[in-house]
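A.B. asks: need coordinates for the following:
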Amino acid sequence: MRLLTALLSLTLLGAPGALAAKKSAEERFQLYHTKALSSSPVKLGDSAYRELTSTPRDYTVAVLLTAMDPRFGCQLCREFQPEWELLARSWTNGDKKGESRTVFGTLDFTDGRDVFMSLGLQTAPVLMLFPPTVGPHATVSSDPIRYDFTSGAQAAEQVHAWVARHLPDRPHPPIKRPINWMRWISTFVVLSGGLTASYVAWPYVLPVIQSRTVWAAVTLISILLFTSGHMFNHIRNVPYVAGDGRGGISYFANGFQNQYGLETQIVAAMYGVLALSGISLAIKVPRMSDPKAQGVVLLAWGGILFVVYSLLLSIFRQKNPGYPFSLPPFM
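C.D. replies: Sure, this is the predicted structure:
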């Protein structure tokens, strides 16, 4: 009697393992697909991982081996986890009938140390895709396909394309990202604030926009910047100044195809003085009512124009000795 009881106890203790070992591929798929419908990706342990990926199988398994515990310091794991959950959730919700025959699972290091050790994994995350070994979608090799994370964390759409590429002739449910209500609200608030500020400030801004003086100043400054070589400096990344070889500083580069940053500023200032002189002589001086004052201003602006232009020509001659033009006093 005691022997019979002992045998019965051993039989009952071994029954769950025996029944689990006898599960067919279809039973395993239905079991884990049902779990995925309630919570995807399916959280796995050592035994569940081995059961889900065991052969023969007529379904595909995508398993992320990760290490989310802060003790491991896996920043890439934490960055990719939300994208992985979005992919698994979107795929499962779009394939509730299991027509793609695909199960998504996650195995954390704290729950699957034996699996990590058996696979010889030293880093995480690792994404593995187990293809079917039997059935209409069976592949020649039963070895899992590993996803490459060398370029950092990937978006759910990138991993989705990778999974879909290895699942031909099957449904590929698309990614459905949740609506970012905070972003929409923030955008609405910013736009509303901008429109309100524009409406209030418009009576003050309109006269400035319509001002001929403002447009003339902006146009003149732009012309001075571009004619003095401002864009050339940005394109060539020229130095601001350079040494002259004798312990001093050279402000002007030799040759018409070379220049320094400070040289551009000096030439722009000279162009500005010349432009101001020309504008004053053409507009301001003719409007003066006092003949004596008009004559003094005419001589002053004319002298400034002559001297500055002479200096500009001397700079051209310094950059290129073959330049033929010059004016006193800078010959």
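A.B. asks: next up, the contacts around Gln162.
C.D. replies: Just so we're on the same page, residue 162 is Trp rather than Gln. Contact partners of Trp162, counting by CB atoms under 8 Å, 6 or more residues apart in numbering, are Tyr147. Bear in mind the C-beta positions are built from the backbone N, C-alpha and C, glycine included.
A.B. asks: quick check: which element contains it?
C.D. replies: Trp162 belongs to helix 156-165 when assigned by DSSP states H and E.
A.B. asks: quick check: buried residues in that helix?
C.D. replies: By 16 or more other CB atoms under 10 Å, the buried positions in helix 156-165 come out as 156, 159-160, 162-164.
A.B. asks: so which of these comes closest to Thr196?
C.D. replies: Relative to Thr196, the closest of the buried residues of helix 156-165 is Ala156; by CB to CB it sits at 37.5 Å.
A.B. asks: helices along the protein, start to end?
C.D. replies: With DSSP state H as the criterion, the chain has helices at 2-21, 25-38, 46-53, 75-94, 113-119, 156-165, 181-209, 212-227, 230-236, 261-279, 291-319.
A.B. asks: of all these, which one is nearest Thr106?
C.D. replies: helix 75-94 (7.1 Å).
A.B. asks: what about the nearest residue to Ala36 once chain neighbours are set aside, how many residues close to it?
C.D. replies: Setting aside the residues directly before and after it, Ala36 is nearest to Thr92 in space (CB to CB, 6 or more residues apart in numbering), at 4.8 Å. Other residues near Thr92 number 24, with proximity taken as other CB atoms under 10 Å.
A.B. asks: still on that earlier bit, which one of the buried residues of helix 156-165 is nearest to Gly272?
C.D. replies: Ala156 (55.9 Å).
A.B. asks: which ones are touching Arg246?
C.D. replies: Shown in contact with Arg246 (CB under 8 Å, 6+ apart): no residues.
A.B. asks: Pro173 now?
C.D. replies: 90-95, 100 are the contacts of Pro173 under CB under 8 Å, 6+ apart.
A.B. asks: apply 6 Å and report the result again.
C.D. replies: Pro173 sits next to 91, 94-95 when contact means CB atoms under 6 Å, 6 or more residues apart in numbering.
A.B. asks: is Leu87 in contact with Ala156, as I believe?
C.D. replies: Yes. When contacts are counted by CB atoms under 6 Å, Leu87 is listed as touching Ala156 (4.2 Å).
A.B. asks: what about Tyr59, distance to Ser38?
C.D. replies: According to CB to CB, to the nearest Å, Tyr59 and Ser38 sit 18 Å apart.
A.B. asks: compare those two (neighbour count), which wins?
C.D. replies: More crowded of Tyr59 and Ser38, by other CB under 10 Å: Tyr59, with 24 against 8.
A.B. asks: quick one: end-to-end length of stretch 279-298, please.
C.D. replies: Its start and end residues considered, stretch 279-298 measures 12 Å (CA to CA, to the nearest Å).
A.B. asks: from now on call the first residue 7
C.D. replies: All set: I'll call the first residue 7, so the last point we hit is now stretch 285-304.
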